[in-house]
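Chemist: with the sequence up front, the predicted model follows.
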There are 2 protein chains.
Amino acid sequence: MAGRRSDTRERIQQIALDLFVEQGYEKTSLREIAEQLDVTKAALYYHFRTKEDIVASVLDDLAASLDEVLDWGKAQQDLVQAREELLRRLAKLIEGKFGPVMRFMQENQPALKHTFHERNPLVGRMQDVFGLLVADEQDPAAQLRARLSLVALVIGNNPQFQGEADGGASPEVALEVALDLVSPRGEQAGAAT
Amino acid sequence: MAGRRSDTRERIQQIALDLFVEQGYEKTSLREIAEQLDVTKAALYYHFRTKEDIVASVLDDLAASLDEVLDWGKAQQDLVQAREELLRRLAKLIEGKFGPVMRFMQENQPALKHTFHERNPLVGRMQDVFGLLVADEQDPAAQLRARLSLVALVIGNNPQFQGEADGGASPEVALEVALDLVSPRGEQAGAAT
DNA sequence: GTCTATAATGGGATAGAC
DNA sequence: GTCTATCCCATTATAGAC
């Protein structure tokens, strides 16, 4: 499915996202994106009406994939047991093609808040993710840990951080740390995995 | 000390930083900063040679305060015991006037990497902080947890996140979570605090 | 120490040919 | 579907008066 008719649109999404992650959304100009694609600015405007729409389309793609995970999670009866699998599925997403998008979101929060304020399809879904991930909604520490578990996955899959570690490992380590953050408090030692 | 002669420079730092955190570094123009201060752009250029210098001066202030904490930490013999106190001192910094700067750093990483690449006085010091915070340098998971502990402090002190939590607490919760992240693995349950 | 006025540059976006 | 050429606008930064 999806064929290959006019993959230019996808090439724009990929190159643009890479540049946005590397240099930031505001610092990256359409001229720069066009140059890397060997096309002109006007060509970009054929595929996307505005610069913002490029980001919006990428965000929509992530939202769609996130919905699959969320639908699965909401259908589970035993949420305590589902939490671990939920985190694994999120990790798979971040290890795959959505790592850059997540990193973009984490490193460009002002742009997301300011330029995409209400048009961001991820805010509500992130709330849902945290809702599934956290055991006791009345426990602020658990709320914070749930957020940190996602941060762990994103940081752990960041090539830059992977280079720093002596051991070298990372996506696996990130998942291990993330799982520990959402596992019930008070009785874990070295179980799971 | 510090008197009050020409507090305009400090007012610029504060207002500018607030706007940088709120809207992002690139989206905030000097005109906007000047308007909030009821002065003109040219006035800013009397106190700071460039827009970048405003950020640099704020970063330098944080670096100086960080050095105090680092000097104390490096002087400790029992690093295992010092780790907890180290984190408390960092928490104090973030609870105080440096919360916005830390949030700025966390939410504007592309700008910091791109525009301040080698001129950022914090990169080396952050490495030092993590070096003190982590027990086993060969353990990638511990490295990641050390980084997350700082993220926890910053997020926990973010007013926006404080509003989300039902309980309401936060700086204390953030410290609790952060401490747990750097405490030796495998034998903690609910101790400390 | 702060102002007005302006230079110089680069950005996003559009019109219309091909 | 991609191009050339152009418009309009905001930005950083400077010059020089007060």
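Modeler: Right, received. Where do you want to start?

Chemist: can you tell me if the least confident helix or strand in chain A by mean pLDDT touches chain B.
Modeler: When the helices and strands of chain A are compared on mean pLDDT, DSSP states H and E, helix A:159-164 comes out lowest with a mean of 81. Yes. Counting by C-beta under 8 Å from any C-beta of the partner chain, chain B is contacted by helix A:159-164 at A:Phe161, A:Glu164. For the C-beta atoms, the positions are set from N, CA and C on the backbone; glycine is no exception.

Chemist: dump the C-alpha coordinates for the helix or strand just after that helix into CSV.
Modeler: Scanning forward in sequence from helix A:159-164 by DSSP states H and E, the next helix or strand is helix A:171-182. Extracted C-alpha coordinates of helix A:171-182, given in CSV (Å, rounded to 0.1, in the frame of the first residue of the first chain):
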residue,chain,number,x,y,z
PRO,A,171,17.5,1.3,23.1
GLU,A,172,17.4,-1.7,25.4
VAL,A,173,18.8,0.2,28.3
ALA,A,174,16.3,2.9,27.7
LEU,A,175,13.4,0.4,27.9
GLU,A,176,14.8,-1.2,31.0
VAL,A,177,15.0,2.2,32.8
ALA,A,178,11.5,3.2,31.5
LEU,A,179,10.0,-0.1,32.7
ASP,A,180,11.4,0.4,36.1
LEU,A,181,9.9,3.9,36.3
VAL,A,182,6.4,2.7,35.8
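
Chemist: helix A:171-182 and chain B in contact?
Modeler: Yes. Helix A:171-182 lies within reach of chain B by C-beta under 8 Å from any C-beta, at A:Val173, A:Ala174, A:Glu176, A:Val177, A:Leu181.

Chemist: same check on stretch A:127-141?
Modeler: Yes. Stretch A:127-141 lies within reach of chain B by C-beta under 8 Å from any C-beta, at A:Glu137, A:Gln138, A:Asp139, A:Pro140, A:Ala141.

Chemist: avg pLDDT for that stretch?
Modeler: Averaging pLDDT along stretch A:127-141 yields 94.

Chemist: can you point out the buried residues in that stretch?
Modeler: For stretch A:127-141, the neighbour count (16 or more other C-beta atoms under 10 Å in any protein chain shown) marks A:Val129, A:Phe130, A:Leu132, A:Leu133, A:Val134, A:Ala135, A:Asp139, A:Pro140, A:Ala141 as buried.

Chemist: any chance of JSON lines for these, columns secondary structure and distance to B:Ser149?
Modeler: Putting those into JSON lines (DSSP: H, G, I helix; E, B strand; the rest coil; distance: C-beta to C-beta, whole Å) gives the following:
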{"residue": "A:Val129", "secondary structure": "helix", "distance to B:Ser149": "22"}
{"residue": "A:Phe130", "secondary structure": "helix", "distance to B:Ser149": "19"}
{"residue": "A:Leu132", "secondary structure": "helix", "distance to B:Ser149": "24"}
{"residue": "A:Leu133", "secondary structure": "helix", "distance to B:Ser149": "19"}
{"residue": "A:Val134", "secondary structure": "coil", "distance to B:Ser149": "19"}
{"residue": "A:Ala135", "secondary structure": "coil", "distance to B:Ser149": "21"}
{"residue": "A:Asp139", "secondary structure": "coil", "distance to B:Ser149": "18"}
{"residue": "A:Pro140", "secondary structure": "helix", "distance to B:Ser149": "16"}
{"residue": "A:Ala141", "secondary structure": "helix", "distance to B:Ser149": "13"}
